[in-house]
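A.B. asks: I'd like to go over a predicted model; first the sequence, then the structure.
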Amino acid sequence: MFESLSDRLTVVFKKLKGHGKLTEKNIEEGLREVRMALLEADVHYRVVKSFIADIKARAMGREVMTSLTPGQQVVKIVNEELTELMGSRHQDLNLTGSAPVSVMLVGLQGSGKTTTAGKLSILLRKNGRKPYLVPADVYRPAAIDQLQKLGDQLKVPVFPSSIDQDPVKICQEAQTAAHQADCDTLLLDPAGRLHIDEKLMAELCRIKAALKPSEILLVADAMTGQDAVNIAKSFDEALDIGGVILTKMDGDARGGAALSIKSITGKPIKFIGVGEKLNELEAFHPDRLASSILGMGDVLTLIEKAQSVVDEKKAAELEKKLRKSEFTLEDFRDQMIQIRKMGSFSDIIKMIPGMGQAKQLKNLQVDEGEFIKIEAMINSMTPLERRQHTLINGSRRKRIAAGSGTKVQDVNKLLKNYTQVLKMLKKINKGGMRGMGRGMLPF
């Protein structure tokens, strides 16, 4: 989402770093470019004006002008101010109160509110909570069916509401049902509208008064840009929301909403939707996003993603195999599956400091379909063939290709790449295993 802004800022800071000494003139020129980049990214003009003024005041200070690396100091200031602009640090859900506590999701139709309810239930369960989904949109029958299907898929209990019930009564009865089912967190999914109107707000206010939710979250579509900021302001004025969940952050919008909402509404972004899959809802960390925008990568998120998919026992077993150069095709496949669970290779590369800005990787298009083919080919081998690749002769290669829906050339390429990995492992083991990541692919 922030690729264009990141590219523009990279060029600006490269120019500033090129100056041995900064003057008021070249700082002004640099900040003018930063201002244009932010406005093009659809950041609110009032936010941009205040942001640039704060940076200028600090950049013209003694700490920068007398520094040995003034250009780098300016980048540091921009990073800190950008982090502050988006809320400084991650703010978690407010789940205080006697169980079951209620979390109400509000928003317009099309923002992804119902799907987000399912995604949020996954996060809550990971944190030891017992969520209970409540479909309270009686005007759109598909919304009730959608949440019921999500609950069945995720094995999360769902209140059996129907379109002939009053939304407030649904939420009250669901509260009793959740208590009986020993669930501690109600996720309320009331009606949305195509636009903000008095009827919608009145109904949401009635639910708020009856349930007294510990948290009210606005689900807003990041692709709508400044409209998302205006929507957040309207919902906050009516309901006093506790925070925002921005969906579709993996899209190609300019990202102005993420940089403007906290400053305009005073309410933090708490979570972001980074994909369509139900596990693709992440806690929002302003410092990590700021570093990512400035091309510094996002190592902490990368580590968290790795920890969520790596089995420590298997990682320890793999390390022993790597030390003995006993890395089989089975291990090759398992490691590839684990890394794919972390997300697309393009996204992973961007999280590594400096890699996102590398010219060779800038327009790298990784064909994820190739990894599916590799997995299919290895699965088409016998257990013995996976452990002893030297057994795979011409006739076996034909069988593997036919079984995986690939060509013999594809099998040849896989085996060639695999043998190169084995050669590299032997060289590394001769020189010691230092620097090898535990449980990660050695290439």
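C.D. replies: Nice, thanks for sending it over.

A.B. asks: how about Thr185, what does it touch?
C.D. replies: Contact partners of Thr185, counting by C-beta atoms under 8 Å, 6 or more residues apart in numbering, are Leu95, Ala99, Pro100, Val101, Ser102, Val103, Leu124, Arg129, Lys130, Pro131, Tyr132. Placement of C-beta: from N, CA and C, glycine included.

A.B. asks: Which strands or helices does the host helix or strand of Ile372 pack on?
C.D. replies: Element membership for Ile372, per DSSP states H and E: helix 368-379. Judged by 3 or more C-beta pairs under 8 Å, 6 or more residues apart in numbering; DSSP states H and E, helix 368-379 is in contact with helix 329-341, helix 394-404, helix 408-431.

A.B. asks: As JSON lines, these with distance to Glu84, mean pLDDT and mean neighbour count would be great.
C.D. replies: Output for the helices and strands packed on helix 368-379, formatted as JSON lines (distance: least, C-beta to C-beta, whole Å; pLDDT from 0 to 100; neighbours: other C-beta atoms under 10 Å):
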{"stretch": "helix 329-341", "distance to Glu84": "33", "mean pLDDT": "78", "mean neighbour count": "17"}
{"stretch": "helix 394-404", "distance to Glu84": "52", "mean pLDDT": "94", "mean neighbour count": "15"}
{"stretch": "helix 408-431", "distance to Glu84": "43", "mean pLDDT": "81", "mean neighbour count": "14"}
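
A.B. asks: Reformat those helices as TSV; add distance to Gln180.
C.D. replies: Shown next, in TSV, are those (distance: least, C-beta to C-beta, whole Å):
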stretch	distance to Gln180
helix 329-341	36
helix 394-404	50
helix 408-431	55
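
A.B. asks: now stretch 202-221, how far from the chain's geometric center?
C.D. replies: If you compare the mean C-alpha spot of stretch 202-221 with that of the full chain, they lie 25 Å apart, counting by C-alpha atoms, centre = their mean, to the nearest Å.

A.B. asks: and which of the contacts of Thr185 is nearest Thr419?
C.D. replies: Comparing the contacts of Thr185 against Thr419 with C-beta to C-beta places Leu124 closest, at 46.3 Å.

A.B. asks: So which residues of the protein form strands?
C.D. replies: Taking DSSP state E as the test, the strands found in the chain are 101-106, 131-136, 185-190, 215-221, 243-247, 269-273, 281-283.

A.B. asks: how about those strands in JSON lines, adding distance to Tyr45?
C.D. replies: Conversion of those to JSON lines gives the following (distance: least, C-beta to C-beta, whole Å):
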{"stretch": "strand 101-106", "distance to Tyr45": "27"}
{"stretch": "strand 131-136", "distance to Tyr45": "37"}
{"stretch": "strand 185-190", "distance to Tyr45": "33"}
{"stretch": "strand 215-221", "distance to Tyr45": "20"}
{"stretch": "strand 243-247", "distance to Tyr45": "20"}
{"stretch": "strand 269-273", "distance to Tyr45": "20"}
{"stretch": "strand 281-283", "distance to Tyr45": "29"}
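
A.B. asks: Looking at those strands, which is nearest to Arg58?
C.D. replies: Closest approach to Arg58 among those (C-beta to C-beta): strand 269-273, 24.3 Å.

A.B. asks: Now do the closest one, average pLDDT.
C.D. replies: On average, the pLDDT along strand 269-273 is 92.

A.B. asks: could you say what helices and strands it packs with?
C.D. replies: Secondary-structure packing of strand 269-273 (3+ C-beta pairs under 8 Å, 6+ apart): helix 113-126, strand 243-247, helix 256-265, strand 281-283.

A.B. asks: Give the residue spans of this structure that score low on pLDDT.
C.D. replies: For the chain, applying pLDDT under 70 flags the ranges 1-2, 17-21, 62-71, 251-255, 295-319, 321-325, 342-368, 428-443.

A.B. asks: Recalculate using a threshold of 80.
C.D. replies: Low-confidence segments of the chain, defined by pLDDT under 80, span residues 1-24, 26, 59-75, 141, 224-226, 250-257, 291-327, 335-369, 421-422, 424-443.

A.B. asks: so what's Pro100 closest to, chain neighbours aside?
C.D. replies: Ranked by C-beta to C-beta, 6 or more residues apart in numbering and with sequence neighbours excluded, the top spatial neighbour of Pro100 is Ala178, at 4.3 Å.

A.B. asks: From the centroid of this protein, which residue is nearest?
C.D. replies: Among the residues of the chain, Val274 comes closest to the average C-alpha position under C-alpha atoms, centre = their mean, at 4.2 Å.

A.B. asks: correct me, but it touches Glu280?
C.D. replies: Yes: distance between Val274 and Glu280: 4.9 Å, which falls inside the contact criterion (C-beta atoms under 8 Å).

A.B. asks: Between those two, which contacts overlap?
C.D. replies: Counting by C-beta under 8 Å, 6+ apart, the contacts common to Val274 and Glu280 are Asp250.

A.B. asks: rewinding a little: and which of the contacts of Thr185 is nearest to Lys423?
C.D. replies: Distances from the contacts of Thr185 to Lys423 were compared by C-beta to C-beta; the smallest belongs to Leu124, at 47.1 Å.

A.B. asks: what's near enough to touch the closest residue to the closest one other than its chain neighbours?
C.D. replies: Using C-beta to C-beta, 6+ apart and skipping residues adjacent in sequence, the residue nearest Leu124 is Pro131, 4.6 Å away. With contacts defined as C-beta under 8 Å, 6+ apart, Pro131 is in contact with Leu120, Ser121, Leu124, Arg125, Val156, Cys183, Thr185, Leu186, Leu187.

A.B. asks: mind putting these in CSV, distance to Thr10 included?
C.D. replies: Shown next, in CSV, are the contacts of Pro131 (distance: C-beta to C-beta, whole Å):
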residue, distance to Thr10
Leu120, 34
Ser121, 39
Leu124, 38
Arg125, 39
Val156, 43
Cys183, 48
Thr185, 42
Leu186, 45
Leu187, 40
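
A.B. asks: tell me which of those residues is nearest to Leu391?
C.D. replies: The closest of the contacts of Pro131 to Leu391 turns out to be Arg125 (C-beta to C-beta; 44.5 Å).

A.B. asks: Wait, that closest one touches Lys155, no?
C.D. replies: No: contact criterion C-beta under 8 Å: Arg125 and Lys155 do not qualify, at 9.3 Å.

A.B. asks: who has more neighbours, the two?
C.D. replies: With other C-beta atoms under 10 Å as the criterion, Arg125 and Lys155 differ in neighbour count, and Arg125 comes out ahead with 15 against 8.

A.B. asks: residues touching the more buried one, list them.
C.D. replies: Arg125 is in contact with Pro131, Val156, counting by C-beta under 8 Å, 6+ apart.
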